[in-house]
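Q: predicted structure and sequence below. I'll ask about it afterward.
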There are 2 protein chains.
Amino acid sequence: MSKRMVVIGGDATGMSAASTALRHSAEGELEVVVLERGHYTSYSACGIPYWISGHVPDGDQLIARTPEQHREAGIDVRMRTEVTAIDLEKQSVGVRGVDDGDTYELGYDELVIATGAVPTVPPLEGSDARGIFGVQTLEQGEEIVKDLADGDRRRAVVVGAGYIGVEMAEAMVVRGLETTVVDQASEPFTQVDPDMGALIREAMEGMGMTVLTGVSVDGFDVGEDGRVRAVRAGDTVLPADIVIVGLGVKPNAQLAADAGLTIGPSGGIVTDARMRAAPNVWAGGDCVEVHHRLSGQNVHIPLGTHANKHGRIIGTNVAGGYGAFPGIIGTAISKVCSLEIGVTGLGETEADAVGFGYVTATVESTTTAGYWPEAEEMTVKVLAEQRTGRLLGAQIVGRAGSGKRIDVFATAIWNGMTVEEMTFMDLSYAPPFSPVWDAVLVAARKAAKEVQGEIPASPV
Amino acid sequence: MSKRMVVIGGDATGMSAASTALRHSAEGELEVVVLERGHYTSYSACGIPYWISGHVPDGDQLIARTPEQHREAGIDVRMRTEVTAIDLEKQSVGVRGVDDGDTYELGYDELVIATGAVPTVPPLEGSDARGIFGVQTLEQGEEIVKDLADGDRRRAVVVGAGYIGVEMAEAMVVRGLETTVVDQASEPFTQVDPDMGALIREAMEGMGMTVLTGVSVDGFDVGEDGRVRAVRAGDTVLPADIVIVGLGVKPNAQLAADAGLTIGPSGGIVTDARMRAAPNVWAGGDCVEVHHRLSGQNVHIPLGTHANKHGRIIGTNVAGGYGAFPGIIGTAISKVCSLEIGVTGLGETEADAVGFGYVTATVESTTTAGYWPEAEEMTVKVLAEQRTGRLLGAQIVGRAGSGKRIDVFATAIWNGMTVEEMTFMDLSYAPPFSPVWDAVLVAARKAAKEVQGEIPASPV
């Protein structure tokens, strides 16, 4: 008796769940139907800024697997097909063809909700003008690439200085546009603390970008041709030939909410550890909230790395195996041209919100031995809990070769290490790869000293 | 009442112990005397191959602090001064000027033995010929730099394919010499398993080097001018204008042994966790053996990173603080031109010797997203204990940007993680930095599957 798995959404979580479940099921045991509203499956949204910059020359390179490839693997992929409703009792979904409007009901034994996220769009005057773009889907990427090729675009304004904001700022600068980034926070990239954000601002300014912070965008001036002319932010009018809006995203959970599934305070679908939202109903990726191992709270952190893990876990469970998501600790990495930014754990604001008392330590180091000709600068900031010394968070801002060190901190946090325990860890050293005291160890030592207080008789 | 700290050896451990102790002692409380046989203090021996290759243009760059700088910090550094004997009972050392032959006794309250290591030199015919060099001290580096500049050196033979061997092979190739590396093992770089060593061989051959393995060097042919002409290895005669011998080192522990201190099976001085060899006598760096956290055994692993940690710990303890060395797990990194090699934990031979049952998993991945133009290949091998799944070791062989990932494995081993626990760790992802599944996670997952066995109903 074959059972039917219906997957809503054909990107990372959905296709990974579909593939994993099928791979681990006996021949003919599982029928898998994927319903995808757009034109593409399994693509790297994180790569879009680099396609726009031209660094990745072809958008097709961002597609890990096409619908045809998935079909060859035995998955019934239905493109340009959206789900209008979920009926948990009848175990069926309402389906509608986006282009032809045809509707039908589709019954399921296992349902996977992988509807992703939708961009946060402030209700601003003129925001529907031509020349204003989000950067979430391959279709949007395509529009931007075409728009840049179409006309004489000299001035870009990027609204929002988070991941998408700084990555799109890089893309615009690489494309030769005069680029301004606007954000309402005091410093760019609020995933790190303001003192580290100030380093990012400095670097971005050094790359020729204009960084306007502490400023809210009020609206857009639109020309008679229906195209954006400028961004208005307080008293400032920023002339713009193209505008990129990267103000983050929120879970696309309306369908799940309408079906009566539980939505958490973050707006994401609530699941158990196995990514189950209800009996035989699974959810993962950008539409769910996840457990933060440090804060103990549920948060919405839409990242491809979590989405892929969720998909694999769901597929494993659907196939009768056991998969459980262990939660997240907020690890992420990004770059603006040659500047790398890594972050894991909690920043000061997050730690304050949870109520943790903490010390901080910031050190400057190099990616290699100081005398190595290619040595690059890096700044590392560490947060450790008061008294216990438990590592709560780490932030890295530095040049090429610095950012991926964040994974060492992430692994330490994952294991509940104290900064004192990290002080003499056996990390690798050779002159082309790090100073004899790797920045990770130096930062941990400085934080341990802060935790301990400066007791002259007991130096660290 | 001032007390006197006497330090034998003015490199990483010795100078770090001296500086740390002095920094954490009250003014006038501690007198620090360092006795150094050579011409230099606090230098990066690990950087010598890169000075020889010319990548680091000036040998002075390898000197972190000169004797003068140490003296300005208040340390009584006595250069070209060797210690001939240690009298534990009288708490004094016999001192002799290397150049003038003057001798005197020097009493101590605290003694630090940081005598380093001496090269393993096989008793081969012709091994004292001109043109044959070790690469351990700055003085030796200087000799090689001079020798290469002096005459027409076209063919180099490097004896030994460990760290020094492969790094010196790089130096010779960069200097334009036709380079042959000879080693008696089946594959180069026995710090990794032969299957990974084969990848290193392949890469070295791709760089134009000749790699001769499974071959013992029998002796050297010497010309009438007293200079080496060729290396003889079995039936093979390898013409050589210059020969580099990098056959590893052994602890320089004779002085300590003569004084009655305990020497371990590895030949290194035995210390407690605080690096104490006897009451008021401390030892650290390349002359001691250290605790391996995985094997539970004491081993001799002469690396600058341990030496610096030992120095800081000894200095802390001498100043009345508390410092303890937590042991090592065998982490190291090296490179041959663009090939990076990282290793941590136990390899197969080591795991066999300890008696661990284990599974292995090897995966191929890339340093970045596969579509990233600068994506580089890397191979990762993981060893996990049978049944428990505890991570026992990891080895990385790959191109630029791969090697430092070894620190993530090292941190996981340090914390006793199982490969199953690592499978969904929250590591950083963005296309310029890793595939969405970082190689670390892919290797862990594959190993976890091996541990579990392939049970169809319970896929990993």
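A: Thanks, I have it.
Q: for chain A, name the helix or strand with the lowest mean pLDDT.
A: strand A:117-119 (a mean of 93; mean pLDDT, DSSP states H and E).
Q: what about the nearest residue to residue A:291 once chain neighbours are set aside, distance to residue A:20?
A: Residue nearest to residue A:291 in three dimensions, not counting chain neighbours: residue A:327, with 3.8 Å by CB to CB, 6 or more residues apart in numbering or on different chains. Placement of C-beta: from N, CA and C, glycine included. Remark: distance between residue A:327 and residue A:20 (CB to CB, to the nearest Å) = 20 Å.
Q: higher neighbour count, the two?
A: residue A:20 (22 against 18; other CB atoms under 10 Å in any protein chain shown).
Q: identify the residue spatially nearest to the more buried one, adjacent ones excluded.
A: residue A:315 (2.5 Å).
Q: going by secondary structure, the one you found is in what exactly?
A: For residue A:315, the element it lies in under DSSP states H and E is helix A:304-318.
Q: re the thing from before, can you name the element that comes right after the least confident helix or strand of chain A?
A: strand A:132-133.
Q: tell me the strands beside that next one, with direction?
A: If you go by DSSP bridges, strand A:132-133 pairs up with strand A:242-245 (parallel).
Q: as a whole number, average confidence for the partner strand?
A: Throughout strand A:242-245, pLDDT has a mean value of 97.
Q: show me what counts as buried in stretch A:358-366.
A: A:358, A:359, A:360, A:361, A:362, A:363, A:365, A:366 (16 or more other CB atoms under 10 Å in any protein chain shown).
Q: can you tell me which of those residues is nearest residue A:392?
A: Nearest to residue A:392 among the buried residues of stretch A:358-366 is residue A:358, at 5.6 Å by CB to CB.
Q: the closest one bridge partners, please.
A: Under DSSP bridges, the beta-bridge partners of residue A:358 are residue A:385.
Q: check contacts around it.
A: A:348, A:351, A:383, A:384, A:385, A:386, A:392 (CB atoms under 8 Å, 6 or more residues apart in numbering or on different chains).
Q: for the residue lying closest to the first one once chain neighbours are set aside, give its distance to chain B.
A: What that stands for is residue A:348. Leaving aside its sequence neighbours, residue A:348 sits nearest to residue A:193 (CB to CB, 6+ apart; 4.9 Å). Noted for residue A:193: a distance of 18 Å to chain B, by CB to the nearest CB, to the nearest Å.
Q: again, but for residue A:216
A: Applying CB to the nearest CB to residue A:216 and chain B gives a distance of 28 Å.
Q: same thing with residue A:368?
A: Distance from residue A:368 to chain B, by CB to the nearest CB: 10 Å.
Q: excluding chain neighbours, what is closest to that residue?
A: residue A:375 (4.7 Å).
Q: enumerate every residue touching the one you found.
A: A:366, A:367, A:368, A:369.
Q: pick out the most distant pair among those residues.
A: A:367 and A:369, at 9.4 Å, using CB to CB across those.
Q: shared neighbours of the two, which are they?
A: Contacts common to residue A:367 and residue A:369, judged by CB under 8 Å, 6+ apart, are A:375, A:434.
Q: what residue ranges in the stretch 251-400 of chain A score low on pLDDT?
A: Counting by pLDDT under 70, the stretch 251-400 of chain A shows no low-confidence range.
Q: show me what from it comes close to chain B.
A: For the stretch 251-400 of chain A, the contact set with chain B under CB under 8 Å from any CB of the partner chain comprises A:303-306, A:308-309, A:313, A:316, A:319-322, A:325-335, A:340, A:342, A:344, A:369, A:371-373.
Q: of those, buried ones?
A: By 16+ other CB under 10 Å, those give A:303-306, A:308-309, A:313, A:316, A:319, A:321, A:325-335, A:340, A:342, A:344, A:369, A:371-372 as buried.
Q: can you give me the strands in the stretch 251-400 of chain A?
A: A:276-278, A:281-283, A:290-291, A:298-299, A:332-336, A:339-345, A:358-366, A:377-385, A:391-398 (DSSP state E, counting those that start in this stretch).
Q: re the thing from before, and the helix holding residue A:315 with strand A:332-336, angle?
A: Calculated by axes from the mean of the first three to the mean of the last three CA atoms, to 10 degrees, helix A:304-318 forms an angle of 150 degrees with strand A:332-336.
Q: which helices and strands does helix A:304-318 pack with?
A: Contacting helix A:304-318 under the criterion 3 or more CB pairs under 8 Å, 6 or more residues apart in numbering or on different chains; DSSP states H and E are the following elements: helix A:12-23, strand A:110-113, strand A:281-283.
Q: host element of residue A:65?
A: For residue A:65, there is no enclosing helix or strand under DSSP H and E.
Q: relative to residue A:76, how far out is it?
A: Taken as CB to CB, the span from residue A:65 to residue A:76 is 15 Å.
Q: residue nearest the centroid of chain A?
A: residue A:303 (3.3 Å; CA atoms, centre = their mean).
Q: show me where the stretch 151-300 of chain A has its helices.
A: Secondary structure of the stretch 151-300 of chain A (DSSP state H, counting those that start in this stretch): helices at A:163-174, A:194-206, A:254-258.
Q: nearest to residue A:27, of those helices?
A: Of the helices of the stretch 151-300 of chain A, nearest to residue A:27 by CB to CB is helix A:254-258, at 32.0 Å.
Q: which strands and helices sit next to the closest one?
A: strand A:81-87.
Q: average pLDDT across the strand it packs on?
A: Rounded mean pLDDT across strand A:81-87 is 98.
Q: what residues sit buried inside it?
A: Those would be A:81, A:82, A:83, A:86, for strand A:81-87 by 16+ other CB under 10 Å.
Q: of all the helices of the stretch 151-300 of chain A, which lies closest to residue A:14?
A: Short answer: helix A:254-258, nearest of those by CB to CB, at 13.3 Å.
Q: now do that closest one: distance to the chain's middle.
A: 23 Å (CA atoms, centre = their mean, to the nearest Å).
Q: which outside residues touch that helix?
A: Contacts of helix A:254-258 (CB under 8 Å, 6+ apart): A:8, A:83, A:85, A:86, A:113, A:115, A:263, A:269, A:277, A:283, A:287.
Q: please point out which parts of that helix sit buried.
A: Buried-residue list, helix A:254-258, by 16+ other CB under 10 Å: A:255, A:256.
Q: what of stretch A:125-142?
A: A:126-127, A:129, A:131-138, A:140-142.
Q: widest-spaced pair of these?
A: Top of the distance list for the buried residues of stretch A:125-142 (CB to CB): A:126 and A:138, 25.6 Å.
Q: pLDDT score assigned to the nearest residue to residue A:243 once chain neighbours are set aside?
A: Leaving aside its sequence neighbours, residue A:243 sits nearest to residue A:132 (CB to CB, 6+ apart; 4.5 Å). For residue A:132, the pLDDT comes out at 96.
Q: from what I can see residue A:132 touches residue A:219, true?
A: No. Counting by CB atoms under 8 Å, residue A:132 does not reach residue A:219; the two are 11.0 Å apart.
Q: quick one: low-confidence parts of the stretch 1-150 of chain A?
A: Using pLDDT under 70, the stretch 1-150 of chain A drops low at A:1.
Q: do that again at 90, thanks
A: A:1-2, A:119-124 (pLDDT under 90).
Q: enumerate the residues of it near chain B.
A: A:12, A:20, A:23-24, A:26, A:44, A:46-47, A:50, A:55-56, A:61-62.
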